[in-house]
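Engineer: Take this sequence and fold it.
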Amino acid sequence: MSAPSSTPPVQEEKQAPENEGLAGNTGLEIAGPTPSSSRFQVDLVAEAASAADKTPSTDSTLASGDKATPEGSEPAAGGEAKGRFRVVNFMDPSGASPPEVVPAEGFQNGDTVMSEGSLHSSTGGQHHYHYDTHTNTYYLRTFGHNTIDAVPNIDFYRQSAAPLGDKLIRPTLSELHDELDKEPFEDGFANGDELSPAEEAAAKEAAEPKGAVKFGWIKGVLVRCMLNIWGVMLFIRMSWIVGQAGIVLSCVIVLMATVVTTITGLSTSAIATNGFVRGGGAYYLISRSLGPEFGGSIGLIFAFANAVAVAMYVVGFAETVVELLGVNEINDIRIIGTITIILLLGISMAGMEWEAKAQIFLLVVLITAIFNYFIGSFIPLKSKESQGFFGYDSAIMMENMGPDFRGTESFFSVFAIFFPAATGILAGANISGDLSDPQLAIPRGTLLAILITGIVYLGVAISTGSCIVRDATGNGNDTLSTQFMANCTDAACKFGYDFSYCKGDDGHYNCRYGLQNDFQVMSIVSGFSPIITAGIFSATLSSALASLVSAPKVFQALCKDNIYPGLEMFAKGYGKNNEPLRGYILTFCIALAFILIAQLNIIAPIISNFFLASYALINFSVFHASLANSPGWRPSFKFYNMWVSLAGAVLCCVVMFVINWWAALMTNVIVMGLYIYVSYKKPDVNWGSSTQALTYHQALTHSLHLSSVEDHIKNFRPQCLVMTGYPNSRPALLHLVHAFTKNVGLMICGHVRTGSRRPNFKELSNDQTRYQRWLLKNETKAFYTPVFADDMRQGTQYLLQAAGLGRLRPNTLVIGYKSDWRDGDMMNVETYIHMIHDAFDFQYGSVVFRLKEGLDVSHISEQDDLLSSQEKTSGMKDVVVSIDMKDSDGDSSKPLSKATSVQNSPAMQKGQVECLFTPVVVHKSPQRLNVADQRLLDASQLFKRKQGKGTVDVWWLFDDGGLTLLIPYLLTNKKKWKDCKIRVFIGGKINRIDHDRRAMATLLSKFRIDFSDINVLGDINTKPKKENVTAFEEMIEPYRLNEDDMEQDTAEAQKASEPWRITDNELELYRAKTNRQIRLNELLKEHSSTANLIVMSMPLARKGAVSSALYMSWLETLSKDLPPLLLVRGNHQSVLTFYS
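Structural biologist: Have a look, this model is predicted:
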């Protein structure tokens, strides 16, 4: 909304301390207009006023032709500048700037920010303010000209203050476009860039203190991913996999796992390079792509999986230590595991820098162990031959080329055992908040780690299969004699060993050595076996450490977004790196609980499935974003394909079921449960997800498709343009129409803004956003559409013509009954009646709703509870606004009366009130409403409650196409109205009542509309009671022209100036119709006085023949003193059919 013409007191109060602060930094008062609080940075051109020399010669120091501001204009200029454009002045903290000037930091030629060192120019550090008193504008030098129009700059596009630079706010369109004598609109984020609570929290995180440790792509991503992927599997399971599956299938298993992880790595790279990445890893990537529902689901289970993975790796380490010690007690595993995790927790809480150093050390040990194995494989020793190691030989390689699955093992069971070794590719992405450049580090580090680890796994598979036999006894005496050499076919026979009796007569193998039997065979092959043991320790501890860091980081990001209430305490960070110490403690407790179990064979597949679910959703995110075709999807990483990503998502799901089908089902159930919970809670976040983009894309596609299809009677829906004004000003009208349009048809809340003031379109746009949010908050499925117009009729015509889109356009106008029509200007009645005529001209149906208590509750200040809590800002609860109605808008809803709450004021925007309102601060205390207002407030909530047992009486007197019957049918299908029965009333002749009842019953049965009763009104044409006729004549008397009592010319002139007046001829011509309305009111009181709702055919008045006053009198007479009444008239096109 527009700023007031004079600076509000609030702004003046804010400016004073800021100006004092500016002066305090320099010890001088700034000459000329004083810049106010931060707006946008500019390089100010100032008056070169030197304290030592105030002579005209100082003009020579001015920048290229700029003139100094006359001293006499300074006070006036300063006063006019208040509330205008705000300029940031960055003072030299050292205080070394010359006392004569105020240095200003800002744009130089509009595109670069000056450093402190460049503040002092060749003119002795004097920068010049130039203030134009004609335009009240601070100027910026751009392309050599004075203008506040700024050139493109990255700082305009930041969401918040960040380490890479400060957020600047570009000049608003209002500041550039509005008339010079008009104040700009209030300051705010351009282009709707207001931050949600979650983004504000992220903004605080982004503004990190100096000294925060940031990692590059090698230490931050490559090292972590390699350590996580090279797990225990490399040393104690890879050789066994080769023994079972053979070299070929082992390579296939490694390649299959690598394909899944590579596709996921490509998808991760695409998402990570589609904008600035904050902390949170997989959770951040998924939530910002697919929205909070999927992101919140995966974030919780991913953090939990990482926490339990710590326990897995620590137990693996403890088991190895226990075996080395020669004991095998479960309590020993618990003790060693507990000590280990305490040490790891200490390293993690010491800070990311210490943890990174530990990871580097562990990587060195791990790489040393790998090289130790490969070096040892080229050094065959006689002492190792009995254990199955003979060095590289083609015979051994050929023998191990094919599979030899034993027991219950199969290809997929072996694959399920290997795949968890590949689930470490997100280790680097999980600490995305601690990376110096996540967009570069995540793609490069992750993909290179997958490549290196994949090559090593393939190398180990081929190496072990080429130099170690499957079975060996370990007995050096099992050599072949010369006579049996010819009959031996095993590869070991070539070296003089006979291991054939490893296979017993019962088919079981009973040897202890070889690929199939010895998990520690790589230690035998290696050059120095203790290094392999150190490698196993390194692999387990590094993976445990990576998971111990990942889980709190992901959980902290999840808690900061406040998706799950009650977890906010874990969002707090400590120290320069914003370490989640509380998250570390929680992760420690979860891991310790599972370590004490010390048996994770059941939990392990669930964790693998949790990781795979994350991978599947990352892949699906890329497919979804590409499918949505959003202009915001512009990843700088181009080596991805939407269909490959979809295939990757499907592969991940397949692998989940291959590894463990029941764990996969459990994972899906948990994800869907969390998804449903988050969807139900509807967190207040807006991340521009691909779900929103796809929703728009589908809506646009379906709208266009719908426009190409002709309407059909069977698909008719009442699509209502409801003239509610502000949606919260007429709750009863809103609730009733919503009752029969919800999930059935379109509902648009129309609002015509009128008034003599200049239209404020910014305010209109803000109101549109605000009240649309109010509708959503109150679960009302409708659209709010305000327009500016000269009068109500013109605004309604605008809406009748332009509201909606394609086939999603209104076909029915719904208005509230004008109950105060006799109290005001009769030209308003003329406008009101013409709105109904215009609706019929546009082929709309028309509905008028009357509630005897009234509809408009906007003048009741206690109706604050109708607004959502989101609309109430702090400091507004104690404000009542007195308004001069002569200066305010003449809105269709008249939402403002002499005393109304600020919440209902259209001028309320971001806690500010227009200056034409006089704020009166009072202490809000419970005020007793008068009886009429209390009844009005109670009646306004009538249709929000469930309707008890009762009736909906349908007075279907004239066939309008069926709309009069369709609306009550739709109403009674709703849950709140299901206890109400439909009673149908029709007109007829006294001698044909049974015939007419049967005919109507047949028609209703063909329409498949249930009814409880049909009443034929045989006495509908009976003359009304004399007292009612007299009351009608008394009502219309003030509005009659009485042309018989005046000259013809005078009568014609008065009729022309007051077209609403009722002529004698008109009154006589429509006497029968008048009597019918009086009689119908008598019948309505007789038959339907206890109905929950009456739906009745609305009488028509021929345009140009019936005056507005007479028509309004008909409606008044027909509908007075009755239960809630809907007067309905369709456009006489069929909306019901009995054909299939």
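
Engineer: C-alpha from now on. contacts and neighbour counts both.
Structural biologist: OK.

Engineer: Correct me if wrong: Leu366 contacts Ser542.
Structural biologist: No - using Cα atoms under 8 Å, Leu366 makes no contact with Ser542, being 9.5 Å away.

Engineer: Compare these two (neighbour count), which wins?
Structural biologist: Shown here are Leu366 and Ser542; by other Cα atoms under 10 Å, Ser542 has more neighbours (31 against 26).

Engineer: Helix or strand for that one, just tell me which one.
Structural biologist: For Ser542, the element it lies in under DSSP states H and E is helix 529-560.

Engineer: In that helix, which residues are buried?
Structural biologist: Neighbour-count burial for helix 529-560, counted by 16 or more other Cα atoms under 10 Å, picks out 529, 531-560.

Engineer: what's the next secondary structure element after that helix?
Structural biologist: helix 581-597.

Engineer: Tell me who's in contact with Gly465.
Structural biologist: The neighbours of Gly465, taking Cα atoms under 8 Å, 6 or more residues apart in numbering as the test, are Ser239, Val242, Gly243, Gly246, Ile247, Ile396, Met397, Asn400, Met401.

Engineer: try 7 Å this time
Structural biologist: The contact partners of Gly465, by Cα atoms under 7 Å, 6 or more residues apart in numbering, come to Val242, Ile247, Met397, Asn400.

Engineer: Just give the number of residues close to Phe294.
Structural biologist: 24.

Engineer: pretty sure it is in contact with Ile676, am I right?
Structural biologist: No - in this structure Phe294 lies outside contact range of Ile676 using Cα atoms under 7 Å: 9.5 Å.

Engineer: Which residue ranges of the stretch 751-900 of the chain form strands?
Structural biologist: 783-788, 812-816, 845-850, 879-883, 900-901 (DSSP state E, counting those that start in this stretch).

Engineer: Now render those as CSV, adding distance to Thr340, mean neighbour count and mean pLDDT.
Structural biologist: Compiled in CSV, those are given as follows (distance: least, Cα to Cα, whole Å; neighbours: other Cα atoms under 10 Å; pLDDT from 0 to 100):
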stretch, distance to Thr340, mean neighbour count, mean pLDDT
strand 783-788, 60, 22, 92
strand 812-816, 72, 26, 93
strand 845-850, 75, 25, 93
strand 879-883, 61, 19, 30
strand 900-901, 63, 22, 34
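
Engineer: among the ones you listed, which is nearest Asp1013?
Structural biologist: strand 845-850 (23.9 Å; Cα to Cα).

Engineer: still on that earlier bit, rebuild the strands of the stretch 751-900 of the chain as TSV, extending it with distance to Lys382.
Structural biologist: Formatted as TSV, the strands of the stretch 751-900 of the chain follow (distance: least, Cα to Cα, whole Å):
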stretch	distance to Lys382
strand 783-788	85
strand 812-816	96
strand 845-850	100
strand 879-883	95
strand 900-901	96
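
Engineer: among these, which is nearest Asn153?
Structural biologist: strand 783-788 (35.0 Å).

Engineer: Now Met1000: closest residue in space that isn't a chain neighbour?
Structural biologist: Ile1014 (7.8 Å; Cα to Cα, 6 or more residues apart in numbering).

Engineer: For the one you found, which residues count as its bridge partners?
Structural biologist: Val984 (DSSP bridges).

Engineer: what helix or strand is the spatially closest residue to Ile1009 that is not a sequence neighbour on?
Structural biologist: If the residues on either side of it in the chain are set aside, Ile1009 comes closest to Tyr969, at 6.9 Å by Cα to Cα, 6+ apart. Take DSSP H and E as the rule and Tyr969 turns out to sit in helix 963-972.

Engineer: tell me, what residue is most central in this protein?
Structural biologist: Asn686 (2.8 Å; Cα atoms, centre = their mean).

Engineer: Are we agreed that it is in a strand?
Structural biologist: No - Asn686 is assigned coil when assessed by DSSP: H, G, I helix; E, B strand; the rest coil, not a strand.

Engineer: Got the confidence number for it?
Structural biologist: Looking at Asn686, its pLDDT is 76.

Engineer: isn't Arg809 right next to Leu800, touching?
Structural biologist: No - between Arg809 and Leu800 there is no contact under Cα under 7 Å: 9.0 Å.

Engineer: the more surrounded of those two?
Structural biologist: Between Arg809 and Leu800, Leu800 has the larger neighbour count (other Cα under 10 Å), namely 23 against 19.

Engineer: any idea how far that one is from Asn430?
Structural biologist: 54 Å (Cα to Cα, to the nearest Å).

Engineer: just Lys1085 next, same as before
Structural biologist: Counting by Cα to Cα - Lys1085 and Asn430 are separated by 72 Å.

Engineer: out of these two, which sits in the more crowded spot?
Structural biologist: Ranked by neighbour count (other Cα under 10 Å), Lys1085 and Asn430 place Asn430 first, with 30 against 15.

Engineer: Just confirm that one is within a strand.
Structural biologist: No - checked against three-state DSSP, Asn430 lies outside a strand; its state is helix.

Engineer: So that it lines up with my notes, have the first residue be 61 from now on.
Structural biologist: Taking 61 as the first residue, the last one we looked at is Asn490.

Engineer: check contacts around it.
Structural biologist: Asn490 touches Gly340, Gly341, Ala342, Ser610, Val614, counting by Cα under 7 Å, 6+ apart.

Engineer: Let me know whether the last one touches Ala363 as I believe.
Structural biologist: Yes - using Cα under 7 Å, Val614 and Ala363 qualify as a contacting pair, with a distance of 5.9 Å.

Engineer: what is in contact with those two at once?
Structural biologist: By Cα under 7 Å, 6+ apart, no residue touches both Val614 and Ala363.

Engineer: Quick one: the helices in the stretch 811-960 of the chain, in order.
Structural biologist: Per DSSP state H, counting those that start in this stretch, the stretch 811-960 of the chain carries helices over the ranges 821-837, 852-862, 886-901.

Engineer: Pipe the ones you listed into JSON lines and attach distance to Lys741 and mean pLDDT per row.
Structural biologist: What follows is the helices of the stretch 811-960 of the chain, written out as JSON lines (distance: least, Cα to Cα, whole Å; pLDDT from 0 to 100):
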{"stretch": "helix 821-837", "distance to Lys741": "12", "mean pLDDT": "87"}
{"stretch": "helix 852-862", "distance to Lys741": "34", "mean pLDDT": "92"}
{"stretch": "helix 886-901", "distance to Lys741": "40", "mean pLDDT": "92"}
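
Engineer: Could you dump these into CSV with distance to Thr318 added?
Structural biologist: Formatted as CSV, the helices of the stretch 811-960 of the chain follow (distance: least, Cα to Cα, whole Å):
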stretch, distance to Thr318
helix 821-837, 46
helix 852-862, 56
helix 886-901, 66
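
Engineer: Identify whichever of those lies nearest to Leu385.
Structural biologist: Nearest to Leu385, of those and by Cα to Cα, is helix 821-837 at 64.3 Å.

Engineer: helices and strands around that closest one, which ones?
Structural biologist: For helix 821-837, the packing partners by 3 or more Cα pairs under 7 Å, 6 or more residues apart in numbering; DSSP states H and E come out as strand 843-848.

Engineer: Please name the strands paired to the strand it packs on in the sheet, noting orientation.
Structural biologist: strand 807-813 (parallel).

Engineer: Give me the angle between the strand it pairs with and strand 872-876.
Structural biologist: 60 degrees (axes from the mean of the first three to the mean of the last three Cα atoms, to 10 degrees).

Engineer: Could you pull up the mean pLDDT of strand 807-813?
Structural biologist: 92.

Engineer: Only alpha carbons, please: show that strand as CSV.
Structural biologist: The C-alpha coordinates for strand 807-813 follow below in CSV (Å, rounded to 0.1, in the frame of the first residue of the first chain):
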residue,chain,number,x,y,z
MET,A,807,-15.9,-20.0,-6.0
ILE,A,808,-14.6,-16.5,-6.5
CYS,A,809,-15.0,-13.9,-3.8
GLY,A,810,-15.5,-10.7,-5.7
HIS,A,811,-14.7,-7.3,-4.1
VAL,A,812,-15.3,-4.0,-5.8
ARG,A,813,-13.2,-1.2,-4.3
